[in-house]
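**Q** Sequence unavailable; structure follows:
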């Protein structure tokens, strides 16, 4: 079974520039998550999709961050414009919709963003 | 606010030593998971515990879910350098749909 794919793996941009990250979840996983992980901290949920609908985006800075999951499969996360404090690893994860699996999440390798 | 507090934040030990890390909350969770994250990679699921008092073993790793389902522990026997990584606990609050992550315990095992 192929894992969660993310690209790019690394990105360096200057502040006020735009950047986009892509995620392809495990086939058949209805739920997709984007997390921000700042160095030395645990993942912080930015947005959670159930198929192509948003379940939770309460911690997404909507003035600069946006995300979409067209057709309920792959997803993109965009930052426009980027700030220095956006430097972090952006993790994508997916899980089966079945609540019986207790939201067991499978993570991609992440995209390390550096904002200069 | 539902929080998962992990302790210690950082642990450096010699190969062969035993260790225990903790994950505590004032909230009740319907399930709790432990993940390990190595540098440059995403977290990898180790175990899910569901029942209060449940104990699960994965080779040298022993996971326990508290009787009240508010806390959990991870015990590693005879740690090896390959155990080095960030150990994260994550819980699904009872009645909730959003998984909450702790800040993690960073373990370094010296050869």
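**A** Received the coordinates, thanks. Everything numeric in this text was worked out from a predicted model, so none of it was measured.

**Q** Stretch B:40-52 - what's its average pLDDT?
**A** Taken as a whole, stretch B:40-52 has an average pLDDT of 93.

**Q** residues of it that come out buried?
**A** B:41, B:42, B:43, B:45, B:46, B:47, B:48, B:49, B:50 (16 or more other C-beta atoms under 10 Å in any protein chain shown). From N, CA and C alone the C-beta is placed, and that goes for glycine too.

**Q** wait, does the worst-scoring helix or strand of chain B on mean pLDDT contact chain A?
**A** When the helices and strands of chain B are compared on mean pLDDT, DSSP states H and E, strand B:100-101 comes out lowest with a mean of 90. Yes - using C-beta under 8 Å from any C-beta of the partner chain, strand B:100-101 reaches chain A at residue B:101.

**Q** For that strand, name the packing helices and strands.
**A** Under the contact criterion of 3 or more C-beta pairs under 8 Å, 6 or more residues apart in numbering or on different chains; DSSP states H and E, strand B:100-101 touches strand B:85-93.

**Q** Direction included, what does the strand it packs on pair up with?
**A** strand B:29-37 (antiparallel), strand B:100-101 (antiparallel), strand B:105-110 (antiparallel) (DSSP bridges).

**Q** Report the beta-bridge partners for the residue of chain A found nearest chain B.
**A** Nearest to chain B, among the residues of chain A, is residue A:107, at 3.1 Å (C-beta to the nearest C-beta). According to DSSP bridges, the residues that bridge with residue A:107 are residue A:93.

**Q** doesn't residue A:91 make contact with it?
**A** Yes - judged on C-beta atoms under 8 Å, residue A:107 makes contact with residue A:91 at a distance of 5.5 Å.

**Q** that older thread, output the buried residues of stretch B:40-52 in a markdown table; the columns should cover secondary structure and distance to chain A.
**A** Below are the buried residues of stretch B:40-52 laid out as a markdown table (DSSP: H, G, I helix; E, B strand; the rest coil; distance: C-beta to the nearest C-beta, whole Å):
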| residue | secondary structure | distance to chain A |
| --- | --- | --- |
| B:41 | coil | 6 |
| B:42 | coil | 3 |
| B:43 | coil | 5 |
| B:45 | strand | 6 |
| B:46 | strand | 11 |
| B:47 | strand | 10 |
| B:48 | strand | 5 |
| B:49 | strand | 9 |
| B:50 | coil | 7 |
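
**Q** Using CSV, please lay out these together with distance to residue A:81.
**A** What follows is the buried residues of stretch B:40-52, written out as CSV (distance: C-beta to C-beta, whole Å):
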residue, distance to residue A:81
B:41, 29
B:42, 26
B:43, 29
B:45, 35
B:46, 38
B:47, 41
B:48, 39
B:49, 43
B:50, 44
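
**Q** just those now: which is nearest residue B:21?
**A** Using C-beta to C-beta, residue B:46 is the member of the buried residues of stretch B:40-52 that lies nearest residue B:21, at 11.9 Å.

**Q** Much appreciated, bye for now.
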